[in-house]
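> 3D, please:
(chains A and B)
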2 protein chains.
Amino acid sequence: MNLPIYLDNASTTPLLPEVIEAMNSVMTDEYGNPSSIHAKGRKSKSVIEAARKTVAKVINASVAEVFFTSSATEANNGMISSAVKSLGISRIITTKAEHPCVLNTIQSQKIDTVYLSLNSNGEIDLYELNHLLSDSDPKTLVSLMYINNEIGVIHPVNKIAELCKEHNAYFHCDAVQAVGKYKIDVQKTPIHFLSSSAHKFHGPKGVGFMYINGDVSIEPYLYGGSQERNMRAGTENLYGIVGLAKALELAVHEKESRMSHIASLKAKLLEELMTHFVDLKINAGGAQTAAHIASISFPHSDKSELMMFNLDINGICASAGSACSSGVEHDSPVLEAIGHDPKRKTVRFSFSHLNTAEEIDYLIEKLKTLTPLQS
Amino acid sequence: MNLPIYLDNASTTPLLPEVIEAMNSVMTDEYGNPSSIHAKGRKSKSVIEAARKTVAKVINASVAEVFFTSSATEANNGMISSAVKSLGISRIITTKAEHPCVLNTIQSQKIDTVYLSLNSNGEIDLYELNHLLSDSDPKTLVSLMYINNEIGVIHPVNKIAELCKEHNAYFHCDAVQAVGKYKIDVQKTPIHFLSSSAHKFHGPKGVGFMYINGDVSIEPYLYGGSQERNMRAGTENLYGIVGLAKALELAVHEKESRMSHIASLKAKLLEELMTHFVDLKINAGGAQTAAHIASISFPHSDKSELMMFNLDINGICASAGSACSSGVEHDSPVLEAIGHDPKRKTVRFSFSHLNTAEEIDYLIEKLKTLTPLQS
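All right, here's what the predicted structure looks like:
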């Protein structure tokens, strides 16, 4: 077992050797600009279109509905702001637990915004959403993530999509934590806008994709050349796109074995925690949560105050549920939204198929020195 | 000599082996999210900050003035639209020969826009610019590229910057064709906004940088996390940034030898063309042009109509000066702006230090079969 142990896979994941190899095969030989009509350009173009086909097949979309971007942040910024501009959206329904790239973009639109209430597990109330949508007067965009990145709660995107369809609302779904891990079929789930980022499923950083339903027409958000069918100008990230497609292909191919392994790691961690420690809180513990995310709140103590620091110096990479700003740690907006006790110390452990049971054992041993034990 | 011969380096350039190596060293070992505060995150952060230092040193900027982006297109879109919003810009002075990502972004601002006249060499008139700027009433942004991507004319950025400074106007410079090839010192040339793209100097596609003068404060154009000092949200393209810095470092280190080789190739091509062919026009031939760009207009003939097609099937990658739209070839806006005869066929040959004199010989031999010869 090598240190550090990496338990921050909801933040980003290591590149897989197969992905590095796929990227290198293109980096060495292909360099034409996909917009050039000569032989080198056409070859690059074909590489990108093959990648687009891979992505489209995974989410059951048409290739014309898949657009490569530099990140999910870019995709969410672009889709939300263009949708508001192009579709006459006058109201957005969302939650306070969305990713900052969604929340801040929504706030910048300066239009009527309704935040759905969240229960202590971070779940929305479908009746509340239905009630809001029943007032169909304002043209509405519903923006809800598939899986919450901090506490792992899985939202019922199928039901949300159906409600949106029924009430003629548009549905934007930040699916960053779900793509490559959970099934997404845009033929079965009527989503209008979806975003994804390669580095969350062992692909490269700096590349993502967005799905825009073919029946929806929105203005481009980057002006320039006619790349990505005029939707997103700028020379394509050729190597990144190849890496994204390879990583997604592997994730889907190995989904069952990866997810069952990841689920067993999470189950082991939770069981060990419950056995050895007192007064823990498993955030969103009463809800359906993603297999790769475990958000744990430790009781307040002198030791737990230094939890993140001590995990780090003990060779464990994990993430605080709280954002550190100007040296003062506050609860994250997500934890605030579920009424979390700010005196508790929250740590998000997030897994990939590369983690091992041995690493969980090591983590538990270290945690025993960092927080009160079961008496 | 291997076919195809790549003479489209103003469009994009091959990755150098040293750049691929630098990227691989990070792709294999470093994967932490630069925003994570644990060991893996800090390591990635330090890799990015080292790259930023390299870039800052090359253009003589402070590290706080350099921001990584996914492309120059993104940088130009972002800087122009944010400048208009944040600085109260009410007039933009530009030319019709700017890159589409600049022109289309300017047009989307829907504010007063003045297009400077261009002479037949594509040069601006500094007196006209001075005259316009003397009317200092509207808060003005001047947007002019350093080197025109199609005809290679070099604009006097130093004088333009000084005029802007004198008249309290802001200066945005698309320096995509210049970075790594021509000296840029932002201490000596008072530019406010500058953009660059790695794949133009043998770095990876999908990454670029922007320089924003430290005295200027504009709003972010992508909302989300606090990456790039809150200016540009989204997880950083770690491998791309490393490749950009390595490629820029090499370009600057080898600048003299590369540029003199490139200049000799261009001189050889022009001399051979003048010796063997009739009625050619060298676009911007009367102006100072970049060493790596030669834009040639061939006389109208049945053969020249198929010039691009025939170059391609003869294993020569070059670029038409004209954009192909709906199957009908029109002159590009740049050629239109310099009063180019639309019946002529324009080809842009653009070089890198990887090209050879032997390739120019091959090109000349092939051209002899594609256009009228000297009698």
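> Around residue A:200, count how many other residues there are.
Residues near residue A:200, counting by other C-beta atoms under 10 Å in any protein chain shown, number 29. Glycine gets a C-beta too; all of them are placed from N, C-alpha and C.
> so it sits in a strand?
No. Assigned with DSSP: H, G, I helix; E, B strand; the rest coil, residue A:200 falls outside any strand and is helix.
> What's the per-residue pLDDT of it here?
Note for residue A:200: predicted pLDDT of 98.
> next one: residue A:326
For residue A:326, the predicted pLDDT is 41.
> With the one 5 residues further on instead?
The per-residue pLDDT reported for residue A:331 equals 73.
> Residue A:345 is in contact with that one, correct?
No. The criterion here is C-beta atoms under 8 Å, and residue A:331 misses it with residue A:345 at 10.3 Å.
> Name the residue in those two with the higher neighbour count.
With neighbours defined as other C-beta under 10 Å, residue A:331 and residue A:345 compare such that residue A:345 has more, 23 against 20.
> correct me, but the more buried one touches residue A:304?
Yes. Assessed by C-beta under 8 Å, residue A:345 is found in contact with residue A:304 at 4.2 Å.
> got any residues that touch both of the two?
Taking C-beta atoms under 8 Å, 6 or more residues apart in numbering or on different chains as the contact rule, residue A:345 and residue A:304 both touch residue A:298.
> any weak-confidence spans in chain A?
A:321-330, A:374-375 (pLDDT under 70).
> Which parts of it are helices?
Taking DSSP state H, the helices of chain A run over residues A:17-29, A:39-59, A:72-87, A:100-108, A:126-134, A:157-166, A:238-253, A:255-276, A:302-305, A:307-313, A:333-337, A:357-367.
> Redo the ones you listed as a markdown table? Include mean neighbour count.
Converted to a markdown table, the helices of chain A look like this (neighbours: other C-beta atoms under 10 Å in any protein chain shown):
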| stretch | mean neighbour count |
| --- | --- |
| helix A:17-29 | 18 |
| helix A:39-59 | 19 |
| helix A:72-87 | 24 |
| helix A:100-108 | 21 |
| helix A:126-134 | 14 |
| helix A:157-166 | 18 |
| helix A:238-253 | 25 |
| helix A:255-276 | 16 |
| helix A:302-305 | 14 |
| helix A:307-313 | 18 |
| helix A:333-337 | 21 |
| helix A:357-367 | 17 |
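> now those helices in CSV, with distance to chain B?
Output for the helices of chain A, formatted as CSV (distance: least, C-beta to the nearest C-beta, whole Å):
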stretch, distance to chain B
helix A:17-29, 5
helix A:39-59, 5
helix A:72-87, 4
helix A:100-108, 3
helix A:126-134, 24
helix A:157-166, 21
helix A:238-253, 5
helix A:255-276, 17
helix A:302-305, 15
helix A:307-313, 5
helix A:333-337, 13
helix A:357-367, 13
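> Including distance to residue B:186, could those go into CSV?
Below are the helices of chain A laid out as CSV (distance: least, C-beta to C-beta, whole Å):
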stretch, distance to residue B:186
helix A:17-29, 31
helix A:39-59, 33
helix A:72-87, 27
helix A:100-108, 30
helix A:126-134, 51
helix A:157-166, 48
helix A:238-253, 29
helix A:255-276, 48
helix A:302-305, 45
helix A:307-313, 38
helix A:333-337, 38
helix A:357-367, 47
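> Any idea which of these gets closest to residue B:362?
Residue B:362 lies closest, by C-beta to C-beta, to one member of those: helix A:39-59, at 15.0 Å.
> Find out how far the closest one is from the centre of the chain, if you would.
Centre-to-centre, helix A:39-59 and its host chain are 24 Å apart (C-alpha atoms, centre = their mean, to the nearest Å).
> What are the contacting residues of it?
Helix A:39-59 has contacts (C-beta under 8 Å, 6+ apart) with A:26, A:30-36, A:61-63, A:65-66, A:68, A:179, A:184-186, A:194, A:209, A:211, A:236, A:238, A:241-242, A:244-245, A:248-249, A:252, B:4, B:6, B:8, B:11, B:312, B:315, B:317.
> List buried residues within the residues you listed.
Neighbour-count burial (16 or more other C-beta atoms under 10 Å in any protein chain shown) applied to the contacts of helix A:39-59 gives A:26, A:30-36, A:61, A:65-66, A:68, A:179, A:184, A:186, A:194, A:209, A:211, A:236, A:238, A:241-242, A:244-245, A:248-249, A:252, B:4, B:6, B:8, B:11, B:312, B:315, B:317.
> Can you tell me how far the closest residue to chain B within the stretch 251-375 of chain A is from residue A:276?
Nearest residue of the stretch 251-375 of chain A to chain B (C-beta to the nearest C-beta) works out as residue A:317 at 4.2 Å. Applying C-beta to C-beta, to the nearest Å, the value for residue A:317 to residue A:276 is 21 Å.
> And stretch A:282-292, end to end?
Stretch A:282-292 has an end-to-end distance of 14 Å (criterion: C-alpha to C-alpha, to the nearest Å).
> and it, which residues are buried?
In stretch A:282-292, counting by 16+ other C-beta under 10 Å, buried: A:282, A:283, A:284, A:285, A:287, A:289, A:290, A:291, A:292.
> Go ahead and measure how far it is from the middle of the chain.
15 Å.
> Up against chain B, what does the stretch 101-250 of chain A have?
Residues of the stretch 101-250 of chain A lying close to chain B (C-beta under 8 Å from any C-beta of the partner chain) are A:101, A:104-105, A:107-108, A:197, A:199, A:204-207, A:222-225, A:233-240.
> What are the boundaries of the strands in the stretch 101-250 of chain A?
Assignment of strands within the stretch 101-250 of chain A using DSSP state E, counting those that start in this stretch yields the ranges A:112-115, A:140-143, A:170-174, A:193-197, A:208-212.
> Which strands border the third one, and is each parallel or antiparallel?
In other words, strand A:170-174. Neighbouring strands of strand A:170-174 in its sheet, by DSSP bridges, are strand A:140-143 (parallel), strand A:193-197 (parallel).
> Give me whichever of the ones you listed is most buried.
Each of these was scored by mean neighbour count; the highest is strand A:193-197, a mean of 29, by mean count of other C-beta atoms under 10 Å in any protein chain shown.
> Alpha carbons of that one, in CSV - could you do that?
Provided in CSV are the C-alpha atoms of strand A:193-197 (Å, rounded to 0.1, in the frame of the first residue of the first chain):
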residue,chain,number,x,y,z
PHE,A,193,-29.5,19.9,-20.9
LEU,A,194,-26.9,17.7,-19.2
SER,A,195,-23.3,18.3,-18.3
SER,A,196,-20.4,16.0,-17.6
SER,A,197,-16.7,16.2,-16.9
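> what comes into contact with that strand?
Contacts of strand A:193-197 (C-beta under 8 Å, 6+ apart): A:59, A:69, A:71-73, A:75-76, A:79-80, A:83, A:170-176, A:179, A:184, A:186, A:207-213, A:216, B:235.
> Quick one: residues contacting residue A:83.
Contacts of residue A:83 (C-beta under 8 Å, 6+ apart): A:89, A:141, A:170, A:172, A:192, A:193, A:216, A:218.
> same thing but 10 Å
Contacts for residue A:83 (C-beta atoms under 10 Å, 6 or more residues apart in numbering or on different chains) come out as A:89, A:92, A:109, A:141, A:143, A:170, A:172, A:192-193, A:212, A:216, A:218-219, A:221.
> can you redo those as TSV with distance to residue B:151?
Formatted as TSV, the contacts of residue A:83 follow (distance: C-beta to C-beta, whole Å):
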residue	distance to residue B:151
A:89	43
A:92	46
A:109	41
A:141	45
A:143	45
A:170	44
A:172	43
A:192	43
A:193	40
A:212	36
A:216	40
A:218	35
A:219	31
A:221	30
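> Quick one: buried ones out of those residues?
Buried, going by 16+ other C-beta under 10 Å: A:89, A:92, A:109, A:141, A:143, A:170, A:172, A:192, A:193, A:212, A:218, A:221, out of the contacts of residue A:83.
> and of those residues, the nearest to residue A:369?
residue A:143 (42.1 Å).
> just checking, residue A:262 touches residue A:351?
Yes. Using C-beta atoms under 10 Å, residue A:262 is in contact with residue A:351, at 4.8 Å.
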